[in-house]
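Structure of the sequence below:
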Amino acid sequence: MREIFNRVEDDGSNVNIEVKLDAEEYREGNPWLFSVFIKYDASKENEDFYEFLETKESLIRALEHGAKALYVGMRIVDGWSELYYYAPDSRELDIIAKKQLSDTGYLYESNVVRDSKWDFFHSQLLPTEIELHHIQSSKIIFLLLEEGDTLMDVREVEHYIVFDTPSQKQRFLDKVLDMGYTFKDDLSNEDYEHGVAITKEHNVTFDEVKTVVEELFALIKKENAYYEGWSTVLITDEEE
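Prediction:
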């Protein structure tokens, strides 16, 4: 499954990333990292965007045909779309890329290096825990938009946290209730015993949800607890 997210680098720059989350299942036997940099900013959906997507997918199909290479993701950096693959060996990869791209008019360059531990995949493509939560938030927000929610209405939002011990939960509650959150309910099931639902009123734009989730996440990690996501109600114009 491919997921798309945005990462803010240490220097403050934004990088758009597409990653194939299950790619590491194929790590064994694919020690070569093959990169193809295409001079095209795929973060901007202009009139040439779908033409680029067709080129990109054609290149992926060509390299994956016959198990020559496995597509694992893309980074969009400084006007370049960087496509990454892992392969069983380094032969023919440049030849395949050249055959697919030479007549497209795109400026491109390619490179292959050995990366048997998939260090590049882990550090540059794989989302962190908090980035995974932002991906999930984006999906919830997309569904709300699909149902006609403008996202701007302030409403009660529930956040769910799981703890290993009751003392962790109590320390967390003591802190978070002073930050404007409200205790909603204790949670437990066959997978965990010490869970809690807390609420806060805020809108559900991506930026607002991102701010709230990151605020909670920092506090949650101090208690070595686990953030399980959020939910809310749908608000449409018809309901107002």
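
ok, how many other residues are close to Ile161?
Ile161 has 25 neighbouring residues, counting by other C-beta atoms under 10 Å. No exception for glycine: its C-beta is placed from N, CA and C like everyone else's.

And it, which helix or strand is it part of?
Using DSSP states H and E, Ile161 falls within strand 155-163.

Quick one: mean pLDDT for that strand?
The average pLDDT for strand 155-163 rounds to 96.

likewise stretch 27-38?
Stretch 27-38 comes out at a mean pLDDT of 97.

Compute the first-to-last residue distance for it.
25 Å (C-alpha to C-alpha, to the nearest Å).

who's in contact with stretch 133-152?
With C-beta atoms under 8 Å, 6 or more residues apart in numbering as the test, stretch 133-152 has contacts from 3-6, 127, 203-206, 209-210, 213, 217, 227, 229-232, 234-238.

about what we covered before: going C-terminal from the strand holding Ile161, what's the next secondary structure element?
In N-to-C order, the element after strand 155-163 by DSSP H and E is helix 166-176.

and the angle from that next one to strand 155-163?
Put simply, helix 166-176 runs at 150 degrees to strand 155-163, going by axes from the mean of the first three to the mean of the last three C-alpha atoms, to 10 degrees.

buried ones in helix 166-176?
168-169, 171-173, 176 (16 or more other C-beta atoms under 10 Å).

What about Val154, how many residues nearby?
Neighbours around Val154, by other C-beta under 10 Å: 12.

Would you enumerate the residues in contact with it?
201-203.

got it, and Glu9?
Taking C-beta under 8 Å, 6+ apart as the test, what Glu9 contacts is Val15.

Check what pLDDT it gets.
Glu9 is given a pLDDT of 86.

Give me the domain ranges for the chain.
Domain assignment of the chain by automatic domain parsing yields the ranges 2-125, 129-239.

List only those of the contacts of stretch 133-152 flagged as buried.
3, 5-6, 127, 203-204, 209-210, 213, 217, 227, 230, 232, 235.

Identify the farthest-apart pair in the residues you listed.
Pro127 and Ile235 (29.1 Å; C-beta to C-beta).

and Lys117, how many neighbours?
10.

now the one 5 residues further on
With neighbours defined by other C-beta under 10 Å, the count for His122 comes to 11.

Kindly report the same for Lys39.
12.

for Glu201, same thing?
Neighbours of Glu201 under the rule other C-beta under 10 Å: 12.

swap in Ile17?
20.

That one: what's it in contact with?
4-7, 73-76, 124-125, 127.

any idea how far it is from Ala69?
According to C-beta to C-beta, to the nearest Å, Ile17 stands 19 Å off from Ala69.

Report the residue spans of this protein with pLDDT below the cut-off.
Counting by pLDDT under 70, the ranges of the chain that qualify are 238-240.

In three-state terms, label Glu18 for me.
Three-state call for Glu18 (DSSP: H, G, I helix; E, B strand; the rest coil): strand.
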